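Visitor: sequence unknown, structure follows:
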């Protein structure tokens, strides 16, 4: 199994991709190189280790479920599963890219590089704590982020075109006085909307590893910054290849498209008292589908015996995740709300 490292030509330390500068950076001597320089310069491109070609530190053992091989730098054992494409040695923290996993059908078409640094990710999460009134005091005071992992998540990026019609049952209700009578008139309408809508860059995650994480919640990404894939952007991060095939995500993409079309059509049905969706007929024509790696920060923190996991868009900084609730604060604020409500109701009753 081939593994790839990027080494600094000045001090031979490891090069990693730096989101702030967009360059390959050496944290030891602080040298930096553009990705193009790394591609063109054999010295900074690093070493490829391949078992069977005299590299004793690349010994590999594999099965259908995991891969185990020796770190080319320290000889420590690195274990990854069948989808691991970029990882690090747990002993020397050597960033390692498994090139064989990124070739052939598994070579991504595009990548969006990280723009949010690890430090910025932690700061954003701590800022999120500050705006939550019901968080336990001990959580905000004593809590520290225990683990921060930058990873490239495999996505299928789909294009398609949707056309069709949606029927709505709508009403207009008006009330007026006719002599001694109060009259309510309800007019009933059959409203039809139709058209064709083109969709570009619909993301669908191509991994089953993040089933517990709502990856759709950290969207959208800015796909104008999507660039052709290159191994250099993975150095210093974790990455997986897809284990969900493109054909298996199209149904989910179509459901998102249909929901979006219906919402767009419904937004044009205005001027009515009520609008109820009726029969719909939407046909979807598939366009291009591309395989891309998108940046995600995973942040974990432990509190009161429970692990809380947060996902952050590594390009925009959007954060999603669950936070604990202080039950005493909750019931106190609830009681305060109902107390204010009761006082206002009593004042209104006195006025009337």
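Guide: In hand now; what should we look at? Owing to the predicted nature of the structure, the values given are computational and were not obtained by experimental measurement.
Visitor: Please count neighbours and contacts with C-alpha atoms only from this point.
Guide: Will do.
Visitor: shaky segments in the stretch 1-150 of the chain?
Guide: When residues are selected by pLDDT under 70, those of the stretch 1-150 of the chain lie in 1, 42-66, 72, 129-145.
Visitor: can you pull out the helices in it?
Guide: Ranges of helices within the stretch 1-150 of the chain are 35-40, 42-45, 118-130, 137-142, based on DSSP state H, counting those that start in this stretch.
Visitor: same question, the stretch 201-350 of the chain
Guide: Counting by DSSP H, counting those that start in this stretch, the helices of the stretch 201-350 of the chain are 246-266, 327-351.
Visitor: worst average pLDDT in these?
Guide: Taking each of the helices of the stretch 201-350 of the chain in turn, the lowest mean pLDDT turns up on helix 327-351, with a mean of 54.
Visitor: Am I right that residue 22 is in contact with residue 32?
Guide: No. In this structure residue 22 lies outside contact range of residue 32 using Cα atoms under 8 Å: 9.7 Å.
Visitor: Among those two, which residue is more densely surrounded?
Guide: Between residue 22 and residue 32, counted using other Cα atoms under 10 Å, the more crowded position is residue 32 (20 against 16).
Visitor: Low-confidence ranges, the stretch 201-350 of the chain, go.
Guide: Within the stretch 201-350 of the chain, the segments meeting pLDDT under 70 span 211-214, 323-350.
Visitor: what about residue 70, neighbour count?
Guide: By other Cα under 10 Å, 18 other residues sit near residue 70.
Visitor: Could you check the pLDDT of the nearest residue to residue 202 once chain neighbours are set aside?
Guide: Nearest-residue entry for residue 202: residue 158, 4.9 Å, with adjacent residues in sequence omitted and distances by Cα to Cα, 6 or more residues apart in numbering. Residue 158 is assigned a predicted lDDT (pLDDT) of 94.
Visitor: Who is residue 158 paired with across the strands?
Guide: residue 202, residue 289 (DSSP bridges).
Visitor: ok, it - contacts?
Guide: Contacts were defined as Cα atoms under 8 Å, 6 or more residues apart in numbering; by that measure residue 158 touches 200, 201, 202, 203, 204, 253, 287, 288, 289, 290.
Visitor: any idea how far it lies from residue 306?
Guide: In this view, residue 158 and residue 306 are 37 Å apart by Cα to Cα, to the nearest Å.
Visitor: same check, this time on residue 182
Guide: Going from residue 182 to residue 306 by Cα to Cα gives 60 Å.
Visitor: Check residue 104 too.
Guide: Here residue 104 is placed at a distance of 41 Å from residue 306 (Cα to Cα).
Visitor: next one: residue 163
Guide: The spacing between residue 163 and residue 306, counted by Cα to Cα, is 47 Å.
Visitor: So these two - more neighbours on which side?
Guide: Between residue 163 and residue 306, counted using other Cα under 10 Å, residue 163 has the larger neighbour count: 16 against 9.
Visitor: Return the set of residues that bridge with the more buried one.
Guide: Listed beta-bridge partners, residue 163: residue 196, residue 283 (assigned using DSSP bridges).
Visitor: how much space is there between it and residue 203?
Guide: 20 Å.
Visitor: and if you look at residue 172?
Guide: Between residue 172 and residue 203 the computed distance is 39 Å (Cα to Cα).
Visitor: dump the residue contacts of residue 231.
Guide: Taking Cα under 8 Å, 6+ apart as the test, what residue 231 contacts is residue 97.
Visitor: Break this structure down into its structural domains.
Guide: Recorded structural domains for the chain (assignment: automatic domain parsing) are 3-102, 118-321.
Visitor: Need the winner for burial among those domains.
Guide: Of the domains of the chain, the one with the most neighbours on average (mean count of other Cα atoms under 10 Å) is domain 3-102, at a mean of 18.
Visitor: Return the distance of that one from the chain's centre.
Guide: Domain 3-102 sits 25 Å away from the centroid of its parent chain (Cα atoms, centre = their mean, to the nearest Å).
Visitor: That one spans what distance, first to last residue?
Guide: The separation between the terminal residues of domain 3-102, taken as Cα to Cα, is 11 Å.
Visitor: same thing with stretch 104-111?
Guide: As for stretch 104-111, its first-to-last residue distance stands at 16 Å under the measure Cα to Cα.
Visitor: quick one: residue 297 and residue 222, what's the gap?
Guide: For residue 297, the distance to residue 222 under the criterion Cα to Cα works out to 16 Å.
Visitor: Then residue 67?
Guide: Between residue 67 and residue 222 the distance is 34 Å, computed by Cα to Cα.
Visitor: Return the set of residues that bridge with the nearest residue in space to residue 182 that is not next to it in sequence.
Guide: Taking Cα to Cα, 6+ apart, and ignoring the residues beside it in sequence, residue 182 has residue 176 as its nearest neighbour in space, at 5.9 Å. Residue 176 forms beta bridges with residue 183, as assigned by DSSP bridges.
Visitor: Return the residues in contact with residue 176.
Guide: 182, 183, 184.
Visitor: Tell me the one of those nearest residue 236?
Guide: Using Cα to Cα, residue 184 is the member of the contacts of residue 176 that lies nearest residue 236, at 68.6 Å.
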